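Participant: Sequence and predicted structure below; questions after.
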Number of protein chains: 2
Amino acid sequence: MATTAREDPPPASDRSGTRERILDVALDLFTEQGYDKTSLREIAQQLGISKAALYYHFAGKEDILMALHVRLHNLGRGAFDSLAESPRDPSAWSAFLEDMVGHMLADRKLFALHERNRAALEAIHRKDHDAEHTDFEERFRALLRDPEVPLDARVRISSCLGAILGGMVLGGDNFSDVESDALRRAMLEVVHDILAPLMAASASPALGAG
Amino acid sequence: MATTAREDPPPASDRSGTRERILDVALDLFTEQGYDKTSLREIAQQLGISKAALYYHFAGKEDILMALHVRLHNLGRGAFDSLAESPRDPSAWSAFLEDMVGHMLADRKLFALHERNRAALEAIHRKDHDAEHTDFEERFRALLRDPEVPLDARVRISSCLGAILGGMVLGGDNFSDVESDALRRAMLEVVHDILAPLMAASASPALGAG
DNA sequence: GTCTATATAGGGATAGAC
DNA sequence: GTCTATCCCTATATAGAC
């Protein structure tokens, strides 16, 4: 029952894995207490290292949050690339969203972090100008706001995302008692039901025709 | 195009309406910048009053957030009371959730505040022991976790809430360009589609039977 | 009901030794 | 790669005048 799947191998400057351990602790604390109410002192303390040591691994507090955000990016990147090839094809969206369900259930804590700290995450997005990262975000949001896509489709896709991201997290972990596989099946059914009208409509006319 | 519907009349100690003006400004800033990144100085400045003046109207920063949270409570109280009478009746949930759609669209900023500052809100919930307020929260969460309700129903209801609360807010206001009435219709359709299987099932067996 | 001034704490961040 | 010690700043909150 590992907390998270790892994404990039330690970047040659960190053989001891301290960087990842920092991120794991930060994920716990940021998720439980909130990003702003968690101090670097607290993170360091829980790791048994000093505050200053954190600054060797990260440029600052925001950098830690950013690194966790990148974890989420990496989870979704594969599915997103497929989606980006045909962003107006409802079945592409369906595949993407079903993928998200899987990731969400496998990495609930990481998703909960994002759900509970949107304000903080948006703040670092405003500052961050890393080309790749910004580009990814912009492209995704462009898909959600595409004026060529009819309102109904936009609402259904957004609702789907809201259901996946938010539904599980409302007021703490409401489904911590539930077996993961049963939960997955139930979620997929809901996703399917939300998108069904889109799939039906797309039999002949494209998503863009509305 | 007023920002918010008012709920309780000025409580006799505030004829000038400053308290409400403070809340309006705080709502703006908390929503845009995040609760933690907004200082009392900032709020006071924007109102043209001093920081200390805020303390006349509110016990502290958390108290301001709490007051905004109460605004949300008051919006939903009526619908919740109806729901509480028959919490296992799918059509009661349907009515409740449709009501929420209306409130959400009429008071988007207030909902966005909650969506973007969950960590901060949960923190004050842990401290607050006001009888009425705590009771309300607990009862609502009890409904969402009721073990007598089959998993499918719980997931659908949670997804519905997630769709309503989260879907509109993902990455800023994605639907700011859309006419409110068309948006309402589209949202209601989605809500209906998510809950449809529950309504069908409840024709004969109760929601509790699974 | 609003002000000025101040107390106090805690946070992020840096310097430099080991 | 990790430590100790320290700087500096901003924030909440209070005291007491008007």
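Facilitator: Received it, and whenever you're ready, just let me know what you need.
Participant: Report pLDDT for residue A:4.
Facilitator: Looking at residue A:4, its pLDDT is 43.
Participant: Output the lowest mean pLDDT helix or strand found in chain A.
Facilitator: Lowest mean confidence among the helices and strands of chain A (mean pLDDT, DSSP states H and E): helix A:131-145, at a mean of 92.
Participant: Does chain B have contacts with that helix?
Facilitator: Yes - residues of helix A:131-145 contacting chain B under CB under 8 Å from any CB of the partner chain: A:137, A:140-141, A:144-145. No exception for glycine: its C-beta is placed from N, CA and C like everyone else's.
Participant: Provide a PyMOL selection command restricted to the buried entries of the residues you listed.
Facilitator: Filtering the residues of helix A:131-145 next to chain B down to the buried ones (16 or more other CB atoms under 10 Å in any protein chain shown) takes a single PyMOL command:
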select buried, chain A and resi 140+144+145
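Participant: Tell me the one of the residues of helix A:131-145 next to chain B nearest DNA strand C?
Facilitator: residue A:137 (21.6 Å; CB to the nearest atom of the strand).
Participant: Disregarding flanking residues, what is the spatial nearest neighbour of that closest one?
Facilitator: residue A:125 (6.6 Å; CB to CB, 6 or more residues apart in numbering or on different chains).
Participant: again with residue A:167
Facilitator: Residue A:167's closest residue in space is residue B:162 (CB to CB, 6+ apart), at 3.2 Å.
Participant: OK, contacts around that neighbour?
Facilitator: With contact taken as CB atoms under 8 Å, 6 or more residues apart in numbering or on different chains, residue B:162 is in contact with A:162-170.
Participant: 10 Å instead, please
Facilitator: For residue B:162, the contact set (CB atoms under 10 Å, 6 or more residues apart in numbering or on different chains) comprises A:115, A:159-170, A:190, B:194.
Participant: same check, this time on residue A:111
Facilitator: A:31, A:72, A:75, A:100, A:103-105, A:164-166, A:168-169.
Participant: Quick check: which element contains it?
Facilitator: helix A:108-116 (DSSP states H and E).
Participant: Which helix runs longest in chain A?
Facilitator: Criterion DSSP state H: the longest helix present in chain A is helix A:61-85.
Participant: Please identify the buried residues of that one?
Facilitator: For helix A:61-85, a neighbour-count test (16+ other CB under 10 Å) marks A:61, A:64-72, A:75-76, A:79-80, A:83 as buried.
Participant: Is it positioned near DNA strand C?
Facilitator: Yes - using CB under 7 Å from any atom of the strand, helix A:61-85 reaches DNA strand C at A:61-62.
Participant: between the helix or strand following that helix and helix A:131-145, how many degrees?
Facilitator: Where DSSP H and E defines the elements, the next helix or strand beyond helix A:61-85 is helix A:90-106. Angle, helix A:90-106 to helix A:131-145, by axes from the mean of the first three to the mean of the last three CA atoms, to 10 degrees: 120 degrees.
Participant: Tell me which residue is most central in chain A.
Facilitator: Taking CA atoms, centre = their mean as the criterion, residue A:72 is the residue nearest the geometric centre of chain A, at 4.4 Å.
Participant: Contacts only, for that one.
Facilitator: A:7, A:103, A:107, A:110-111, A:113-114, A:121.
Participant: Of these, select the buried ones using a ChimeraX command.
Facilitator: Buried members of those, defined by 16+ other CB under 10 Å, are picked up in ChimeraX with:
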select /A:103,107,110,111,113,114,121
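Participant: could the contacts of residue A:72 go into TSV alongside pLDDT?
Facilitator: Below are the contacts of residue A:72 laid out as TSV (pLDDT from 0 to 100):
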residue	pLDDT
A:7	48
A:103	97
A:107	95
A:110	97
A:111	96
A:113	97
A:114	97
A:121	97
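Participant: Could you report the neighbour count for residue A:17?
Facilitator: By the other CB atoms under 10 Å in any protein chain shown criterion, the neighbourhood of residue A:17 contains 11 residues.
Participant: Show the low-confidence segments of chain A, by residue range.
Facilitator: Low-confidence regions of chain A, defined by pLDDT under 70, span residues A:1-15, A:171, A:204-210.
Participant: Please list the residues of it that sit near DNA strand C.
Facilitator: So chain A meets DNA strand C at A:38-42, A:51-52, A:55, A:60-62 (CB under 7 Å from any atom of the strand).
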